[in-house]
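>>> Okay, predicted coordinates and the sequence, questions at the end:
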Amino acid sequence: MAEETKQTPKLELIRASEIDPKSVEWLWYPFIPYGKVTLVQGDPGDGKSTFLLTIAAMLTKGDPLPFTEPEIPPEPMCVIYQTTEDDADDTIVPRFIRANGDREKLIFINEKEAPISFDDARIEAAIKTTGAKLLILDPLSSYIGDCQLNAANEVRPRFNHLIRIAKETNAAIVIVNHLNKMFGTKAIYRTPGSIDIVGAVRSALLIGRSKENDDERVMVQQKSNLAPTGAAIVFSVGEDGISFIKESELTADELLACSSDKTGRPDTKTQEAMEIIRDLLSDGEEHEASECEARLNEAGISKSTAKKAKRILGVVSNKPHYSWYWRLPIDED
């Protein structure tokens, strides 16, 4: 049997003059855009789910979101909430009730017969059937499907399904994720797995504990592609739910530095190694690994400590010809 020849895709060119420019629409400016995917991260127990359920409750009631003053009162909307970490009957719905949400507008996709993943056709069908303007998937590891989180070539195609659904339905899609344990590094590198996870989303939010008050939490914006970075929001979590307190100028790196102070930062030698590597690679260019290793050795840094510092910083190793080179990672690398 003759081997089937692979058909070459037809070339189609589109000029910029054929595209009608449009403005980005916002569910919550500048944190959650419509038609895009947003990431919400934090350590377990820091209030991510409670925070999002409170936001969902406000949306179902048509209440203005925290620290916004809309010219026109928002219309109540449906929200789809999927989670594998808490049960709907004893955790999700009771929290939603405490937040005074409209239970008729909080919707779950039944996963008893088959679990949902990013490329599941039921996601798009549910959004179109209910008219939901927000879909929450909690956590990422349960819904990304059979995928190596460290492999960019596997992560990005998975996200592309959600990106397409968000664009075609103009719904906001929010993914909840846990932080890794790489203390002492920039906030953008605390996402487990490939940096492509952060690269795929248009906004990344971080929730952590306040340094001043252990009952308070802070939401900060790690990444913002579509608008200036928003002010941090301080809120408390109590038996009666969430209370929004104030806006703050705290950054994501500062918030995680507070967390590192409480949970334990890398040892002194690792910190020293990180500073040396940052200094050597601060120009963004590639530098020969042998030169970097020699500099670390001169400072009395062991190979194991240097390796740990490289891992925390996410240093990229590359061998274009005969020698290895190091460089610091780029956000969209």
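Perfect, I can see it now. Numbering: from 1, shown residues only.

>>> Okay, helices next: where are they in this structure?
48-61, 93-98, 121-130, 140-143, 152-169, 196-200, 252-263, 268-280, 289-298, 303-313 (DSSP state H).

>>> so what secondary structure elements neighbour the fifth one?
Under the contact definition 3 or more CB pairs under 8 Å, 6 or more residues apart in numbering; DSSP states H and E, helix 152-169 sits against strand 37-42, helix 121-130, strand 172-178, helix 196-200. Yep, even glycine has a C-beta here, placed from its N, CA and C like the rest.

>>> try the second one
The criterion is 3+ CB pairs under 8 Å, 6+ apart, and the helices and strands that helix 93-98 contacts are helix 48-61.

>>> angle of the helix it packs on against strand 172-178?
Here helix 48-61 points in a direction 160 degrees away from that of strand 172-178 (axes from the mean of the first three to the mean of the last three CA atoms, to 10 degrees).

>>> Next, the buried residues of helix 48-61.
Residues of helix 48-61 classed as buried: 48-60 (neighbour count, 16 or more other CB atoms under 10 Å).

>>> one step back: got a markdown table for the helices of the chain, with mean pLDDT and distance to D87 too?
Formatted as a markdown table, the helices of the chain follow (pLDDT from 0 to 100; distance: least, CB to CB, whole Å):
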| stretch | mean pLDDT | distance to D87 |
| --- | --- | --- |
| helix 48-61 | 97 | 12 |
| helix 93-98 | 95 | 9 |
| helix 121-130 | 98 | 20 |
| helix 140-143 | 94 | 14 |
| helix 152-169 | 94 | 24 |
| helix 196-200 | 91 | 27 |
| helix 252-263 | 72 | 28 |
| helix 268-280 | 85 | 40 |
| helix 289-298 | 90 | 50 |
| helix 303-313 | 83 | 36 |
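
>>> Is it possible to get the ones you listed out as a markdown table so that each row also shows distance to G35?
Formatted as a markdown table, the helices of the chain follow (distance: least, CB to CB, whole Å):
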| stretch | distance to G35 |
| --- | --- |
| helix 48-61 | 16 |
| helix 93-98 | 25 |
| helix 121-130 | 11 |
| helix 140-143 | 19 |
| helix 152-169 | 5 |
| helix 196-200 | 14 |
| helix 252-263 | 24 |
| helix 268-280 | 37 |
| helix 289-298 | 43 |
| helix 303-313 | 34 |
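
>>> Right, I'll call it a day here.
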